[in-house]
Structures are given as structure tokens and as C-alpha cells.
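Q: From the sequence below, what's the structure:
(2 chains)
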Number of protein chains: 2
Amino acid sequence: MYHLDQFALMFTDRIRMDAYAAAIQKSVKPGDTVVDLGSGLGIFALLACKAGARRVYAIETNPVVDFGRHLATVNGFGDRIHFLRGDSRQIHLPERADVVVSDLRGTLPLFTHAVDTIQDARNRFLAEDGQLIPLSDTLVCAVVEHPRLYEEIAGAWRAIPELDLSSGLPLVLNGLYCRRLKPEQVVSGGVAWRTLNYTARANSIEHGTVQATVLRNCLGHGLGLWFETELRDGVGFSTQPSIGDTVYGHVFLPWLEPVALREGETCRIDLRAHPVGNDYVWQWETNIPAAEGHGEIRFVQSTFYGSLFPPSLLRKRATDFVPVLNEAGQAERWMLQAMDGGRPLQEIAAEAFRLFPHVFRRTEDAFSQAAEIAEKFSR
Amino acid sequence: MYHLDQFALMFTDRIRMDAYAAAIQKSVKPGDTVVDLGSGLGIFALLACKAGARRVYAIETNPVVDFGRHLATVNGFGDRIHFLRGDSRQIHLPERADVVVSDLRGTLPLFTHAVDTIQDARNRFLAEDGQLIPLSDTLVCAVVEHPRLYEEIAGAWRAIPELDLSSGLPLVLNGLYCRRLKPEQVVSGGVAWRTLNYTARANSIEHGTVQATVLRNCLGHGLGLWFETELRDGVGFSTQPSIGDTVYGHVFLPWLEPVALREGETCRIDLRAHPVGNDYVWQWETNIPAAEGHGEIRFVQSTFYGSLFPPSLLRKRATDFVPVLNEAGQAERWMLQAMDGGRPLQEIAAEAFRLFPHVFRRTEDAFSQAAEIAEKFSR
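A: Next up is the predicted model:
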């Protein structure tokens, strides 16, 4: 349930941790109030206390906060760190903070609701003259040569000769892949695409065009993306492949086919990230003028083409869709209604099993669902 | 949404695919009815059609079935393969099948509800003299020497010298890790622990004691687990490390500390896998008699100790817990009630936003939640 080893990967990444530790050390003054946004175990919160923070609000959706509380006590800061479990956008704090520190990124800072969450924290949690960590993230793009990864993605769809699986190809070539790139696989200069300035009002659609010039003759397989962060004035780090492995890894956006490129050739890349639901839809359009070895090239790609949202699901998410519950939905509704403080879980499960025999094959299944609802939704 | 590349990993694993293809080829006769249980894209279903199946029921919870239907049509079997989306244990078929084929495993065959699902399919879907693929899976255990992995797991908790993170150590050393073991990391013979015989009634708790004798002087770091499957008479495969990489990988259960072992020493291992909710709780007890280099050793470990279920969550899953909905639960209940065929999603979201201002910060958040419920629970 905790996947503590995943959290360990975050704080054993020296590139990340050294920079964050320095930024916290320089920003937090004795007596400060600090918010550790998406705190995980509360490692930043502990470091803030070491730097003299009087009070830290550590906000985290993961139940790992229970272990965080234990760690805080062990380290002598149990009375200074307040762990709050939930989405920070739904949480109200009794005071403004001198420092708000966060690392809500996935492979890139454009990750689920991170940008919105930081903006909300800046508006509602941070004092007028408070310090926001990070100040900004810059997304960087480059052309990538990676025959093995490309074959892994594309080759699968011709791997079973007796079956025609070729229609999988356009789907996977419109996918976004989180992998680790080696410096020698980056064949153009890294070009800054967008800077997310967290102290300013952010755009909801990230969009920009970059030109990437290839540095040697190569076979281009697609684009690589990473980021550079400014945690505070003069403190930051980069996840570019030449810096060594970080916990973040890199994003790879494949092209529709490999392109033989020559030193000095320039690729024009129009890149967009559009927030949709809990994720981003990415769009990458590549234009390369005709040259020796290839004609003019234009690839228009999007993770939207790759996701192949089933029409039935799209319909059910339309604003004008009029929903009617199916049997499983009726069972879920009934369980929520039954959780009114009058009956124990076991009784609710037994009754649900009796009422919805097509939904639950065994009472255990009904109990398991009731327990999940109770865990998520009960006081 | 589809993660087609994950499915591709499954069917590009030659060890797995060659064996399954042979088993299907030998088992399916022209005119047969086949069930492809947990079908994914329906690769087994397509192969069954190639072998002459008249009708295949491909059952899968993942929305990838929409792409599966497309693949079936492209390959000329659109009228023979019926994709059914859902949990097979809640699905009724109009006829019995001559062959039921499945690969519901994770790293090991003891994976979520796989054993129960196969048993249910055998009872309700398979004809009296039908063929079940696989017939059985045998779980195999060995002692493993893997200093790098052990340090990765254990070393993290002393990686930040200014903080005391040592209480993470017993948690992560009671964890189960899905990794890839190399043959040279296996330092004892592989010992069969349990055989899951799918044609017989299965036990819900898998329990057994094995003795593993170390083949060379080494530092033992824990246990490795893999499986051998008999798909049908004379057709099967193993995921043992010496066979090469398969898509399944291996399980590593660390010991509480590394043990210097000498050639010929025997470890007695008592191993249990107990199904709890959607997962298994594993327990491994290791006993090694005193020998040159170490005293008598006894490690009693369990993923239960490693999961540290927060007390508040355990309480909310108790049979006698009387649940009362929190505000988020009330909002969820209200939305389910509002989906009665009278109002479009947008109106439901706008009203939910008005009624539950502490739950939804923006109408978009309410809409996103309503759309998720509609997607999951509407007709």
C-alpha cells in the first residue's frame, strides 16, 4: 500500500535532494511557517525543521502521512510538523506560510494537476513576501536517435507473422513514453520550449514552436523532453541526459517513421500540452525541409490519436450526456445511501449481496466494495 | 488510456507466446467454442480462430477490447470473436466452451483474483470434457545473492545523514519486489513450493515449507520466486532466471540482513501467500542452523509488516465499523442519485458544485468527477 521504495527513490536522488536541501536551507529562517506541498514522507518538512521552521504543514494525499508522522516524532519534530491528508486545493490553513516547497512533478512538471495546485498554494497559502520553491521550471526539447526503443515500440506490431496487428502501429507512434535517455542518444541541442513561471499566473495550454538543429549525421526517431528547474535564486538542477540519471527520467515522443538526418539540418517542432481531465494531451508537429536523403517531412501527432478513446466512453463524458445508472452503479449508490451511521459494514455488505445478485457473486465481493467506499468516504 | 505498449510486451515475449501458440494449436479443433479469459487485445482469440474456432468469447475488463474488436475485423474474424467487457465472474455465457485459455498472472500466478477467476471459469464456462489452458502452475523458490538490489532497498534509509530515517528499514525489508534476477544471482537450487492445479479445487491459502541448499559460498540477501507452467500435456514454459528474460520477471523477498552462507548449507523456508482483498499477503520465515560465519538464524517476515496499514484505514475496513459519509462521500452519493435519466452531466456538475463548495473548488472539478462516475456506472 505504501510503496516506500518509490518514495526512497525520490530522496536518494542526489541531484534532486542536494538542490532541494540547499534551497530549503537558504530559504527557511528560524521561526518560519512552511508548507510542504505533496510531502510524501515529509523529507522537505524535516529539513525545514532542521533549518529552524516553527511550524510545517505537510500536505499529502497518500496514506504514507501516517509513516511521516512517525518519522517526524523520531526526529524530534512531532510537535512542529502537521500532516494533513488530502488534496491541498480543498484544504484551508489557519495561517500564511513564509515558504511553500513542492515537487509535484512526474517525468515532467506538466503532470496531472501540479501546475494548478502550485498556483492555488501560492494564492491561498503563501505570505505576500513569501518564498516559493520552485520558482520556475523550463521544459527542454531535442531530437533523439534511439533505434532500440523505436523498435521496441513499433516492432511489436509485426512480431506475430500469422496475424495482422499493423493497426496498432499508428496508436503506439502517437504515444508518450517515460524512459531514460543516454546523452549519446540526444542528437540536437536542447531547445527551451516553455518556462512555467510559478510566481506568475499560468496558462492552461502550453504551446510553442522550437527549432532544433541536428549536430551529427544520424537517424532521428523522435523527440526527447526534460526540464530545468530554478528552485530559488541561484539554486536549481536539470534532468538533461548528460547530467546523469535522476529519478524523473525523460519523455520520448516518437516520429511516425525514422528520418535520416544530416549534420546542420533543422527540425521545426510545434509542441502543445493541453490539460484534459487528470492528464495532458500532447501534440507534436514536426516539419523538416527537404534535404539529401529525404523529401519534405511533416508529421502531425498527438497522444489523442494514440489513446483511441472508445466512442462509448467519449459519449459518456459529453456535457449533454444524460446518465442513467447501470446495475453496478445502482449497487454503489445503494451502499453510499446505507452508510448513514445506522449499520455496520458487514450488514451493509450482506444486504447489498441480497439486493444485487448480478453485481456481487459472493458476499466477500460486496464486503470488499463496501470497505473500499468506507475507507474513501467515511469520517 | 490503453497502454498498448504494455500489451505488446505480453505478445512479443517469445517464450510465453510460442508456448501459448502451441497449446492453442494443439487444443482448438475446427468448430470449437473457446473462451479467452482476460483477453487483452484478443491475441489468443485470434490464434484460436486461426486454429478453426467457430466462436470465441474474449472477456476483458480493460477498454482495450474496442481495439481488440477492430483487430478481429482486420484479421477476418470479426463475426467469430465476441468481446465482453467486464469481470468474467459476473458474466454469463450462452454456451459451454471446448477450450478456456488464460494468462491472468502478474509476476506470479498468485495475482489478485486470478486463481478464483480461473476456478469460476472452469466451473461455469468449460464443457465437461473441455481443455483448460493452463492446467497448472508451480511456484519455485531459491536463495538469492543480490547486493545491489539489497542496497537499493535498504541503503536509502541511511542516505540522508542529518535525518533519522531508520524506521523505514523494517518496512521495506518486509516488502515484495518485482524485479528481474540474473541466473548468477540464484545461489541455491530452485525448489518447488506449491503447485496450483487448476483442474482441482484450489485452496485459498497457499502454504508450504521448502529446503534450499546453497550451491556456493555467497552472501544470501533473500529469496527469489518464479513459476513453471504446464499449459497442456507436454506444452509449457518456465520463468526461471536461466531461461532468459520473460515479461513476468521475478519476485524478490529480502531477508532482514544479509547472511554469509557456505556451499552445502541449507535454508528452511516456510512460505505462505494469504489472499486479502485484491492482493496477497506474503509471509516468509527463514531458518538456518548455526554454521561457520553465523549463529542460528530465524527471520519471520511478512508483507503485512511492510504495508503498515494505517490504523484509521484498518478501522474503516472492520466488519463492525459503522460508516458515516464525509462531505466528499455525500457529494459522490448526491451525484449517483442525480443520474436518474433526467439531467445532462453539465447540469449535475453545476448543481454539485453549488451544493458542495468545500468538495469542489471549480465546476470543472465537479464535472470531471461526474464524468468519471458516468463512464463507470452509466448504461
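
Q: what number of residues lie near the residue lying closest to A:Leu163 once chain neighbours are set aside?
A: The shortest distance from A:Leu163 to any non-neighbouring residue, by C-beta to C-beta, 6 or more residues apart in numbering or on different chains, is to B:Leu46 (5.3 Å). For glycine as for every other residue, the C-beta is placed from the backbone atoms N, C-alpha and C. Neighbourhood size, B:Leu46 [other C-beta atoms under 10 Å in any protein chain shown]: 31.

Q: what angle separates the strand or helix carrying A:Leu336 from helix B:327-338?
A: Here A:Leu336, judged by DSSP states H and E, is contained in helix A:327-338. Here helix A:327-338 runs at an angle of 130 degrees relative to helix B:327-338 (axes from the mean of the first three to the mean of the last three C-alpha atoms, to 10 degrees).

Q: returning to that earlier point: residues in contact with the residue nearest to A:Leu163?
A: Applying C-beta atoms under 8 Å, 6 or more residues apart in numbering or on different chains to B:Leu46 gives the contacts A:Leu163, B:Leu71, B:Ala72, B:Asn75, B:Phe77, B:Ile81.

Q: Tell me which residues touch the second one, please.
A: What it means is B:Leu71. The contact partners of B:Leu71, taken as C-beta under 8 Å, 6+ apart, are A:Leu163, A:Asp164, A:Leu165, A:Ser167, A:Gly168, B:Leu41, B:Gly42, B:Leu46.

Q: Need the pLDDT of the closest residue to the third one other than its chain neighbours.
A: Leaving aside its chain neighbours, A:Leu165 sits nearest to A:Trp157 (4.6 Å; criterion: C-beta to C-beta, 6+ apart). Reading off the confidence values, A:Trp157 has pLDDT 95.

Q: So which elements touch the helix holding A:Leu336?
A: Other helices and strands packing on helix A:327-338, by 3 or more C-beta pairs under 8 Å, 6 or more residues apart in numbering or on different chains; DSSP states H and E, are helix A:345-355, helix A:363-377, helix B:327-338, helix B:363-377.

Q: Show me which parts of the second one are buried, residue by residue.
A: Buried residues in helix A:363-377, defined by neighbour count with 16 or more other C-beta atoms under 10 Å in any protein chain shown: A:Asp365, A:Ala366, A:Phe367, A:Ser368, A:Gln369, A:Ala370, A:Ala371, A:Ile373, A:Ala374, A:Glu375, A:Phe377.

Q: Does A:Leu93 touch A:Tyr57 like I think?
A: Yes. Here A:Leu93 reaches A:Tyr57: they are 5.7 Å apart, a contact under C-beta atoms under 8 Å.

Q: Need the overlap of contacts for those two.
A: Taking C-beta under 8 Å, 6+ apart as the contact rule, A:Leu93 and A:Tyr57 both touch A:Val35, A:Phe125.

Q: For the two, indicate the residue with more neighbours.
A: Between A:Leu93 and A:Tyr57, A:Tyr57 has the larger neighbour count (other C-beta under 10 Å), namely 23 against 17.

Q: Quick check: bridge partners of that one?
A: Beta-bridge pairing of A:Tyr57, defined through DSSP bridges, involves A:Val35, A:His82.

Q: residue ranges with poor pLDDT in chain A?
A: Counting by pLDDT under 70, chain A has low-confidence residues at A:1-2, A:202-203, A:308-314.

Q: Now find how far off-centre the lengthiest strand in it is within its chain.
A: If you go by DSSP state E, chain A has its longest strand at strand A:218-232. Remark: strand A:218-232 is offset 16 Å from the chain centroid, using C-alpha atoms, centre = their mean, to the nearest Å.

Q: Which secondary structure elements does that strand sit against?
A: Checking 3+ C-beta pairs under 8 Å, 6+ apart, strand A:218-232 ends up next to helix A:14-27, strand A:126-133, strand A:136-144, helix A:147-154, strand A:235-238, strand A:250-261, strand A:266-276.

Q: Of the ones you listed, which is nearest chain B?
A: Across these, chain B has its closest neighbour in helix A:147-154 (6.1 Å, C-beta to the nearest C-beta).

Q: what about that closest one, near chain B?
A: Yes. Helix A:147-154 is in contact with chain B by C-beta under 8 Å from any C-beta of the partner chain, via A:Glu152, A:Ile153.

Q: how close does A:Gly224 sit to A:Cys267?
A: 12 Å (C-beta to C-beta, to the nearest Å).

Q: Could you pull out the residues contacting both of the two?
A: Counting by C-beta under 8 Å, 6+ apart, the common neighbours of A:Gly224 and A:Cys267 are A:Val143.

Q: So which bits of the stretch 51-200 of chain A are right by chain B?
A: Residues of the stretch 51-200 of chain A lying close to chain B by C-beta under 8 Å from any C-beta are A:63, A:66-67, A:70-71, A:74-75, A:89-90, A:120, A:152-153, A:155-157, A:159-160, A:162-168, A:171-172, A:175, A:177.

Q: Which one of the residues in the stretch 1-150 of chain A is closest to chain B?
A: A:Ala8 (3.5 Å).

Q: How about that residue, nearest residue that isn't a chain neighbour?
A: B:Ala156 (3.5 Å).

Q: sec struct for that neighbour, please.
A: helix (DSSP: H, G, I helix; E, B strand; the rest coil).

Q: show me the contacts for it.
A: A:Asp5, A:Ala8, A:Leu9, A:Phe11, A:Thr12, B:Leu165, B:Gly168, B:Val172.

Q: Please repeat the previous calculation with a cut-off of 10 Å.
A: Contacts of B:Ala156 were listed using C-beta atoms under 10 Å, 6 or more residues apart in numbering or on different chains, and they are A:Leu4, A:Asp5, A:Phe7, A:Ala8, A:Leu9, A:Met10, A:Phe11, A:Thr12, B:Leu165, B:Gly168, B:Leu169, B:Val172.
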